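sharing a sequence plus its predicted fold:
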Amino acid sequence: MEYDEISVESSDRGVTIVLDRPEKKNALTGTTFAEIGDAVETAVADGDTGVVTIRGAGGDFSAGVDLNNVPGWIDQKPLEVREQLEEIHEVLDLLETVDVPVVAALEGYVLGGALELAISCDLRVATRDATFGLPESKLGLAINYGGAQKLPGLIGEGMTKRLIMTGENIDAGRAHEIGLVEELVDGDELDDAVTRLERTLAEKPRYVHGFAKRQVRSVRPPTVEEGMQQAIHHAIAAYQEEETQQRSLEALDE
């Protein structure tokens, strides 16, 4: 199937979804997430797919949400914004619940919504020159793709607050140290590292991975899903602030 903002590659191990807007540093839109969801569902429908990998084209995973959409949010009705965000949440939930393991291959920028996409994957492999961060606070935006709810289970509450509240980036070494990524490799080793992991995962029965994902997810606090809904309210509130609009326009001009 042909897509506008992603491309899909198949191998004997499984399927690779490539965020394919390198001229925009693979900035994410609602279309991007919808296409990811469709590609994952298609891959899972094929009983031979052993693993799904998500990566970016052009040396970056993704610089985050496409800011070109931000100025228009103020003109949308809250229910329209809610519907858009819920559709994105459904795609992120799909990644966490399908029996097929999902790997994020990370390099370059892994920022904002892209970091939230990455933590919705099961495992993360990153290059040493990758950069991680949640810059939303600099724009007056609320975290709304699950980062605030899911990161504490990975890196603790304190580090989660630091990333969100300061908006500062961290390097891959620090990301590995705090448990944000599971494997760290040199840039020229990424493909081989991902291939090894894919083969290790794909040789196991899919149902075993499904059991593991459900068991691990079962210990997540029940307030995570409630918090995801709260995040939508916060996102809508932030969109209405004049300062958010101004900061977003200034970021586009940079």
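Cool, the structure landed. Numbering: from 1, shown residues only.

and the residue nearest to residue 10 when sequence neighbours are not counted, how many neighbours does it have?
Distances taken as CB to CB, 6 or more residues apart in numbering put residue 16 closest to residue 10, at 7.7 Å, once the chain neighbours are dropped. In this view, the C-beta of every residue, glycine as well, is placed from N, C-alpha and C. Summarising burial for residue 16: neighbours were counted as other CB atoms under 10 Å, giving 21.

report all helices and strands that whichever strand or helix holds residue 16 contacts.
Residue 16 belongs to strand 15-19 when assigned by DSSP states H and E. Contacts defined by 3 or more CB pairs under 8 Å, 6 or more residues apart in numbering; DSSP states H and E place strand 15-19 against strand 6-10, helix 30-45, strand 52-56.

out of those, flag the one nearest residue 114.
Set against residue 114 and scored by CB to CB, the helices and strands packed on strand 15-19 come closest in strand 52-56, at 8.0 Å.

alpha carbons of that closest one, as PDB, please.
The C-alpha trace of strand 52-56 is given here as PDB (Å, rounded to 0.1, in the frame of the first residue of the first chain):
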ATOM      1  CA  VAL A  52       7.600  -4.400  13.600                       C
ATOM      2  CA  THR A  53      10.300  -1.800  13.600                       C
ATOM      3  CA  ILE A  54       9.800   2.000  13.500                       C
ATOM      4  CA  ARG A  55      12.500   4.300  12.400                       C
ATOM      5  CA  GLY A  56      13.100   7.600  10.600                       C
END
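
contacts for that strand?
14-19, 22, 26, 36, 40, 43-44, 61-62, 98, 100-108, 117-118, 121, 194, 198 (CB atoms under 8 Å, 6 or more residues apart in numbering).

ditto for stretch 172-181
106, 119, 124-132, 151, 154-156, 159, 170, 182-184.

and for stretch 231-242?
So stretch 231-242 is in contact with 70, 73-74, 78, 81-82, 85-86, 89, 140-146, 148-149, 244, going by CB under 8 Å, 6+ apart.

before we move on, the earlier item: correct me, but the residue nearest to residue 10 touches residue 9?
Yes - contact criterion CB atoms under 8 Å: residue 16 and residue 9 qualify, at 4.4 Å.

which residues of this structure fall in strands?
Assigned by DSSP state E, the chain shows strands spanning 6-10, 15-19, 52-56, 102-106, 109-111, 123-127, 131-133, 170-171, 183-185.

ok, which of those comes nearest residue 224?
That would be strand 102-106 among the strands of the chain, by CB to CB, at 17.8 Å.

could you check the angle strand 52-56 makes with that closest one?
Put simply, strand 102-106 runs at 20 degrees to strand 52-56, going by axes from the mean of the first three to the mean of the last three CA atoms, to 10 degrees.

quick one on the thing from earlier: and the contacts of stretch 172-181, which are buried?
For the contacts of stretch 172-181, a burial check counting by 16 or more other CB atoms under 10 Å picks out 106, 119, 124-127, 130-132, 151, 154-155, 159, 170, 183-184.
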